[in-house]
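# need a structure here:
(2 chains, ligands or ions: 1)
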Amino acid sequence: MTDIAESMTAATDPWHFGPYGGRFVPEALTAALDELDAAFTTALADPDFGAELAALEVHYTGRPSPLTPARRFSAECGGARVYLKREDLNHTGSHKINNVLGQALLTKRMGKERVIAETGAGQHGVATATAAALMGLECTVYMGEEDTRRQALNVARMRLLGAEVVPVTAGSRTLKDAINEAMRDWVTTVDRTHYVLGTVTGPAPFPRMVRHFHEVIGREARAQILEAEGRLPDAAVACVGGGSNAIGLFSAFIDDPQVQLRGYEAGGEGVATGRHASRFAAGSPGVLHGARTYVMQDEWGQTLPSHSISAGLDYPGVGPEHSWLHDTGRAIYEPVDDAEAMSAFAALCRTEGIIPAIETAHALAGAMRLGRELGPDAVIVVNLSGRGDKDVATAAAWFGIDLDGHDQGRAPGMRP
Amino acid sequence: MRTLADAFAAARDEGRAALIGYLPAGFPTPDQAVELIAAMVEGGVDIVEVGLPYSDPLMDGPDIQAAVNAALAAGTTTDVVLDTVAQVATTGAVPLVMSYWNPIEQYGLERFALRMAEAGGQGVITPDLTPEEAADWITVTTRHELDRIFLAAPSSTDARIDRVASVSSGFLYAASTMGVTGGRTAVSSAAPELVRRCRAITGLPIGVGIGISTGDQAAEVASYADGVIVGSAFVKRILHAPDHAAAVVAVCDLARELATGVRAS
Ligand SMILES: Cc1ncc(COP(=O)(O)O)c(C=O)c1O
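Below you'll find the predicted structure:
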């Protein structure tokens, strides 16, 4: 759009991040988004809401999550002192629960009895199914058929928790198509249903609201690193699918220019192959799923299919605030391809005894690159957004480990 | 060139509602789409919504999804859509484009509006463009004298209908129901109430769409609305036809049935 550069200087209102964000939705959803906006605004001003959420975070999620010094992994990162923000230790195994508990409380406040969600890796679906069980809400989760296959463990978890899982067979059968289906459900059932969007994308107020519920990550990490090192880190590092775990961490450091903000998106089989999910490396500003943001698209504005070994990063759009942080240069985004992510995955397993989610492995690969660049005096905080149990089958296949135990298998890291 | 206003005035003079038919450009192929639209016009459609196929049609049900996927697979680009508009203009019907926002933004607002006007297109329906995001679009459509059609829904407040109507021209698109496109056994009972509320707020003609698929339903909607919009029902006839010739006949037959319907009240 010709006017983007011009509006870059425009004041940012609550719906936008520079020229990004906004609301591009069918009119039938306007009333629901307004209702959500009002419920969120009221809740923010209500100390009871804050107290209720904080109590859940402590007694249910298990917050605060630790900030673990990763001594042996630091050696893989050029000797830089790397700390891991352990969102993998949250109940349900990832950062996703932070947002879901907040939105589930809002659902109750709006008097709605049903939640729906999209999910890629299944972590957001599991978190939503969990909160629905906890709060007595009906739950339907849309998941691309391709993802139900590669994240079968999480499909079983959601069903055990009482959620209905609907495999989506449209389009590329991944996260993008799951969001389309969830939106279609929502438009039809909006009077009794809240759509628990799982990341900082979508129409206003979702990006700001979801960010708010993840700011706890950055708040804790900032206090913890100050305690451990007596100073701010040189860099905050996260993987970027939609961008929720990244914005949660970044939010505490955006106003500290000495802290580099580094986001790592999925390079798939390599950006040059076209089979990737690198919105910043290979996309351009456009509109997808209700917001203006960087999108992988062709010259006609048709969304291009994304590819990644990690279901949670396999998405052709990205949260609009990241687009703004990218354009202003405040944050730097780089692709990490499947192979580099998997070797970081193996490195963390063997040096720290922590099996990360493959999404998270992209951030770990970023830390390895950045640490070598910044050197041993650097302090780096990495958001360890989730644990890798769900990815065991994918990782075993990648590393040639036979799950039936018939063969010795190569040790992780043996693969070139 | 016949405008939307002409088409609504002519229908009003005949004491009936206008019939508005939707088909995606390029479905099943660019040439066949033009023939199918011509058949729709021959059967009695007054205004044609040429759909711009988009990869993520989140307001559409399974039939239109299948059709736009086929159109995209057949190589339908925005240029093909504009070409289709030019050909529809020669049938005597009033051509509009119905498009999700991103393809228009990527084509360039000015370029799109200019080409539309050159092709004889009269207006553009933008289901996911909200008035809040439409400032530049209002400028260029005004410059090229294209009508801008925004949507109202049963969940819209009166203040919201006012806001949407204030930026619309040609007609106001009232979505009959909360949901995606596709036939229903009965037209939503929310539709008459929504039309009543719209009329109290705006003098624009009101077109009702989503879920209308038979002559009887068209007659029912025509009794309270100025325009009856039918899309999925045409698409379904084409999807179920054994071959292109049969699809042309089926589309023409359905248009006849609906045209009789809008004249029944
Ligand atoms: C563990 C983990 N990390 C990261 C992501 C990516 O999402 P986001 O970029 O919103 O944090 C996911 C998404 O499924 C995830 O499960």
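# helix or strand: which one has the residue of chain A found nearest chain B?
Proximity to chain B, evaluated over chain A using Cβ to the nearest Cβ, is greatest for A:G301 at 3.2 Å. For the C-beta atoms, the positions are set from N, CA and C on the backbone; glycine is no exception. Element membership for A:G301, per DSSP states H and E: none, as it lies in no helix or strand.
# if I read this right, it contacts B:P103, doesn't it?
Yes: counting by Cβ atoms under 8 Å, A:G301 touches B:P103, with 4.0 Å between them.
# which neighbours do these two share?
Taking Cβ atoms under 8 Å, 6 or more residues apart in numbering or on different chains as the contact rule, the neighbours common to A:G301 and B:P103 are B:54, B:78.
# could I get the full set of strands for the stretch 51-200 of chain A?
Ranges of strands within the stretch 51-200 of chain A are A:67-69, A:81-86, A:114-119, A:138-144, A:164-168, A:193-195, based on DSSP state E, counting those that start in this stretch.
# list the contacts of the longest one.
Counting by Cβ under 8 Å, 6+ apart, the neighbours of strand A:138-144 from elsewhere in the structure are A:113-120, A:122, A:125, A:128-129, A:132-133, A:151, A:155, A:158, A:161-168, A:172-179, A:181-182, A:185, A:311.
# swap in stretch A:334-349?
A:70, A:73, A:76, A:239, A:262-271, A:276, A:278, A:281, A:308-310, A:354-356, A:358, A:361-362, A:364-369, A:388, A:395, A:398-399, A:412-413, A:415.
# about what we covered before: restricted to helices, list the contacts of strand A:138-144.
A:125, A:128-129, A:132-133, A:155, A:158, A:175-179, A:181-182, A:185 (DSSP state H).
# surely A:N383 is within a strand?
Yes: under DSSP: H, G, I helix; E, B strand; the rest coil, A:N383 falls within a strand.
# surely it meets A:S251?
No: between A:N383 and A:S251 there is no contact under Cβ under 8 Å: 11.4 Å.
# which SSE is immediately downstream of the host helix or strand of B:P192?
Here B:P192, judged by DSSP H and E, is contained in helix B:190-201. Next along the chain after helix B:190-201, taking DSSP H and E as the criterion, comes strand B:206-209.
# which strands and helices sit next to that next one?
Counting contacts by 3 or more Cβ pairs under 8 Å, 6 or more residues apart in numbering or on different chains; DSSP states H and E, strand B:206-209 packs against strand B:18-24, strand B:172-175, helix B:190-201, strand B:227-230.
# what residues does the second one touch?
Contacts made with strand B:172-175 from outside it, assessed by Cβ under 8 Å, 6+ apart, are listed as A:26-28, B:125, B:149-154, B:161, B:164-165, B:191, B:194-195, B:198, B:202, B:204-210, B:225, B:229.
# out of the residues you listed, which touch the ligand?
Contacts with the ligand within the contacts of strand B:172-175, as defined by Cβ under 6 Å from any ligand atom: none are present.
# of those, select the buried ones using a PyMOL command.
In PyMOL syntax, the buried subset of these is picked out as below (16 or more other Cβ atoms under 10 Å in any protein chain shown):
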select buried, (chain A and resi 26+27+28) or (chain B and resi 125+149+150+151+152+153+154+161+164+165+191+194+195+198+202+204+205+206+207+208+209+210+225+229)
